[in-house]
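A.B. asks: Next comes the sequence, and after it the predicted model I'd like to discuss.
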Amino acid sequence: MKAPYRAQIVAVGSALPERRLTNADLERMVETTDEWIVTRTGIRERRIAEPGQGLMSLAVPASIQCLERAGVAAEAIDGIIVATISGDYVMPSTANLLQHRLKAAKAWGFDLLNACNGFVTALATASAFIEAGRAKRILVVGGDVMSTLIDYRDRNTCILFGDGCGAVLLEAGPIDGPGIIGCELHSDGAGGDDLNIPCSGSAMPSSQETLAAGQHFLKQNGRAVFTQAIRRMAEVSSNLLSSLNLGCSDVDLLVPHQANLRIIEPTAERLGLPMSKVVVNIDRVANTTAGTIPLALSDALADGRLRAGSRVLLVAFGGGLTWGACYLTWGRP
Ligand code: UT7
């Protein structure tokens, strides 16, 4: 059965903390070099929130900018989904705090926890509501304050992440108009230990011992995640395109999760896409987990690469393990 509506992204907003943490700064904190970080990851600097600056400090400006660009009042939103692993609190959800702050009186809201694949998952979820006619406008926010989850004594992880947040407004449009055409999501919990935060839920409540052992910090088996990320991002992208009877010539712009330039390049190569069709901002903002794709969309709009009629493929991979892709056509400039 054909959905009666298509969910269209009508605006994008973004927010980054002021403070820059450069590779030179990290050289003074752990045993690393700018050369190692650039050649192994493509990252040159990342933005870091001030102490006490939670996700709301970025989600609010990103959402306000998005709504202003869309020309839509907060009261007209039906729902808010915030993809994050670093919301201000586990409870209340950041989406509920945002609903109140934006004065989005009739909007429901919930947070969606799916690590680096959070934004694609949230987009797939929100578009399903819209396609089914259960909501007309949903604000989808993706962002993380990764600096609160990182051990800045661990050179394996502290160089990789940054803080940032983006927001998009999804609106119901005609089924034959621009918008989200297809999404595909996957999970494999067998790789859960390869990227995790041991002390972050009910399995290991925090104690003095867990704190002293740094169990509240992100741990990663970098090599294992690296190999899977390339394989899965290329695989889900090709599967999605073929399920829609499309090929890589139907992609004008690939907007991949920004975890490592050495993951992005081979993914594009496997898909037969030149790097001129790939949005990369990892050099300036690093891996912001659920924030990478909306921040990259915002950059691509600002530099004119994303415009009305662009055919866009979003793809992400992250801790879970989880991966997914979304194919869409861009409506507004
Ligand atoms: O977004 C969520 C998903 N996350 C990802 O997709 C990240 C996936 N993983 C990666 O991006 C890469 O695996 C890393 C960037 C984390 C590491 O790159 P790598 O090429 O896989 O390096 P490696 O882990 O194999 O380490 C190579 C060497 C090691 O030394 P030995 O054992 O060969 O002596 C590390 O200890 O590099 C060392 N190393 C460093 N050296 C300087 C690790 N981190 C650093 C560092 N500076 N910051």
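C.D. replies: Yep, that arrived.
A.B. asks: use CA for all of it now, contacts and neighbours both
C.D. replies: OK.
A.B. asks: In contact with the spatially most central residue of the chain, which residues?
C.D. replies: The residue lying closest to the centre of the chain (C-alpha atoms, centre = their mean) is residue 290, at 2.9 Å. Contact analysis of residue 290 by C-alpha atoms under 8 Å, 6 or more residues apart in numbering lists 83-85, 115-119, 142-144, 165.
A.B. asks: my read is it is in a helix, agree?
C.D. replies: Yes - secondary structure of residue 290 (DSSP: H, G, I helix; E, B strand; the rest coil): part of a helix.
A.B. asks: Does residue 236 touch residue 326 like I think?
C.D. replies: No - assessed by C-alpha atoms under 8 Å, residue 236 is found out of contact with residue 326, at 9.4 Å.
A.B. asks: and residue 140, what is it in contact with?
C.D. replies: 80-83, 119, 122-123, 126, 167-170.
A.B. asks: any idea how far the helix or strand it falls within is from the chain center?
C.D. replies: Residue 140 is part of strand 137-145, with elements assigned from DSSP states H and E. Relative to its parent chain, strand 137-145 has a centroid offset of 9 Å by C-alpha atoms, centre = their mean, to the nearest Å.
A.B. asks: strand partners of that strand, parallel vs antiparallel please.
C.D. replies: If you go by DSSP bridges, strand 137-145 pairs up with strand 79-83 (parallel), strand 163-174 (antiparallel).
A.B. asks: Could you export those strands to JSON lines, including columns for mean neighbour count, distance to the ligand and mean pLDDT?
C.D. replies: Below are the strands paired with strand 137-145 laid out as JSON lines (neighbours: other C-alpha atoms under 10 Å; distance: least, C-alpha to the nearest ligand atom, whole Å; pLDDT from 0 to 100):
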{"stretch": "strand 79-83", "mean neighbour count": "27", "distance to the ligand": "14", "mean pLDDT": "99"}
{"stretch": "strand 163-174", "mean neighbour count": "27", "distance to the ligand": "13", "mean pLDDT": "98"}
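A.B. asks: how about these in a markdown table, adding distance to residue 266?
C.D. replies: Converted to a markdown table, the strands paired with strand 137-145 look like this (distance: least, C-alpha to C-alpha, whole Å):
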| stretch | distance to residue 266 |
| --- | --- |
| strand 79-83 | 26 |
| strand 163-174 | 25 |
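A.B. asks: so which of those strands gets nearest residue 151?
C.D. replies: strand 163-174 (14.2 Å; C-alpha to C-alpha).
A.B. asks: How is this structure divided into domains?
C.D. replies: Following automatic domain parsing, one finds the domains of the chain at 5-179, 181-329.
A.B. asks: Which of those has the highest mean neighbour count?
C.D. replies: Highest mean neighbour count of those: domain 5-179, a mean of 21 (counted as mean count of other C-alpha atoms under 10 Å).
A.B. asks: Distance of residue 327 relative to residue 179?
C.D. replies: Note on residue 327: its distance to residue 179, by C-alpha to C-alpha, to the nearest Å, is 9 Å.
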